[in-house]
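In: sequence and predicted model, in that order:
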Amino acid sequence: MNRITNLFNTKKNGILSVFFTAGYPNLDDTTKILKELENKGIDMVEIGIPFSDPMADGPVIQKASTAALRNGMSLHVLFDQLEDIRQDVHIPIILMGYLNPIMQYGFEAFCRKCVQTGVDGMIIPDLPFADYMADYKAIADRYDLKMIMLITPETSEERIRLIDEHTSGFIYMVSSASTTGAQQNFNEQKQAYFHRINGMGLQNPRLVGFGISNKATFDAAASNSSGVIIGSKFMQLLKSEPIAVAVDKLKTALRE
């Protein structure tokens, strides 16, 4: 069974997924970070594929992507780093990246390499849903890779239900119509969005991402979903702390 499916079958709420950019702060940190996240009890990991124009990301992840590219990170390097990762890491791994580098690699070759290295799914924020249905879904399904789609407060109910019908794994609920980045709290409008989606009776579980950095945002998101995704807060900590300390400080921030 796909590890993402297994996670949501066995844990219904309180899931914590952490994002980090491959090749940051140092080129060879990828496997060290993965091992430490699992050791510290993180449920799932999203590895960002650095790209020169990360349009959905805020300043923290933009800067991390630029640094990672300068360090020499690429898809080829990342797959080389992940080659033996399943000997040590057993939690679900998702690759999150923009369409251009994946198309340059070749989508089927990308899927094949994901399976070979033990990657369980992918998030491609700039892949249009119609293109996914026409050109990508059949290939991803053939390799049992979960294609995780994003929704926002502006996404229509019709589109949400189409995504729910034609994808599996989970739905990535973007907390607001903005780029990534830490927020101090979620206002009533955002919480109304969480309640609205929670009341739609979707078949897929949801994780909330973008803006979660403390107990207030974690609790507001987790109370209306299966859990949360945290990226920018962790990337900020990685910039100045050893990996193990960064993970500990992240978990502390979500409790206090």
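Out: Thanks, I have it. Residues are numbered from 1 along each chain as shown.

In: separation between the residue in the chain sticking out farthest from the centre and residue 77?
Out: Seen from the C-alpha centroid of the chain, the residue lying at the greatest distance (Cα atoms, centre = their mean) is residue 188, 24.9 Å away. Here the distance between residue 188 and residue 77 works out to 44 Å (Cβ to Cβ, to the nearest Å). Quick note: C-beta positions are derived from backbone N, CA and C, even for glycine.

In: where do the helices sit along the stretch 101-250 of the chain?
Out: Assigned by DSSP state H, counting those that start in this stretch, the helices in the stretch 101-250 of the chain fall at 107-117, 129-131, 137-142, 157-166, 188-198, 215-222, 232-240, 243-255.

In: which helices and strands sit right next to the shortest one?
Out: For helix 129-131, the packing partners by 3 or more Cβ pairs under 8 Å, 6 or more residues apart in numbering; DSSP states H and E come out as helix 157-166.

In: roughly how far is the helix it packs on from the heart of the chain?
Out: 20 Å (Cα atoms, centre = their mean, to the nearest Å).

In: what does that helix rub up against?
Out: 129, 133, 137, 149, 151, 171, 197, 200, 202-204 (Cβ atoms under 8 Å, 6 or more residues apart in numbering).

In: for the residues you listed, which one is nearest residue 11?
Out: residue 204 (14.9 Å; Cβ to Cβ).

In: which residues does the nearest residue to residue 214 once chain neighbours are set aside contact?
Out: Of all residues not flanking residue 214 in the chain, residue 253 sits nearest, at 5.6 Å (Cβ to Cβ, 6 or more residues apart in numbering). For residue 253, the contacting residues are 213-215, 233, by Cβ under 8 Å, 6+ apart.

In: go ahead and build a ChimeraX selection from the buried members of these.
Out: Remark: buried members of these, expressed as a ChimeraX selection using 16 or more other Cβ atoms under 10 Å:
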select :213,214,233
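
In: state the helix or strand in which residue 47 lies.
Out: Taking DSSP states H and E as the criterion, residue 47 maps to strand 44-48.

In: and that strand, what's its mean pLDDT?
Out: For strand 44-48, the mean pLDDT works out to 97.

In: let's see that strand as CSV, backbone CA atoms only.
Out: What follows is strand 44-48, C-alpha atoms only, in CSV (Å, rounded to 0.1, in the frame of the first residue of the first chain):
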residue,chain,number,x,y,z
MET,A,44,5.3,12.9,6.6
VAL,A,45,7.9,14.9,4.7
GLU,A,46,7.7,17.1,1.6
ILE,A,47,11.0,17.8,-0.2
GLY,A,48,11.0,20.9,-2.3
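
In: which secondary structure elements does it contact?
Out: Using 3+ Cβ pairs under 8 Å, 6+ apart, the elements in contact with strand 44-48 are strand 15-21, helix 30-39, helix 59-71, strand 93-96.

In: pLDDT below threshold where in the stretch 101-250 of the chain?
Out: 176-187 (pLDDT under 70).

In: now do 90
Out: Scanning the stretch 101-250 of the chain for pLDDT under 90 picks out 175-195, 198, 210-224, 232.

In: need the helices and strands packed on strand 44-48 in CSV with mean pLDDT, can you?
Out: Shown next, in CSV, are the helices and strands packed on strand 44-48 (pLDDT from 0 to 100):
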stretch, mean pLDDT
strand 15-21, 96
helix 30-39, 97
helix 59-71, 92
strand 93-96, 98
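
In: among those, which comes closest to residue 124?
Out: strand 93-96 (7.8 Å).

In: pairing partners for the closest one, with directions?
Out: Sheet pairing of strand 93-96 (DSSP bridges) gives strand 44-48 (parallel), strand 121-123 (parallel).

In: for residue 110, find the nearest of the ones you listed.
Out: With Cβ to Cβ, the closest approach to residue 110 among those belongs to strand 121-123: 8.0 Å.

In: how many other residues sit next to residue 90?
Out: 11 (other Cβ atoms under 10 Å).

In: and it, backbone torsions?
Out: Dihedral pair for residue 90: phi -120, psi -10, per degrees, to the nearest 10.
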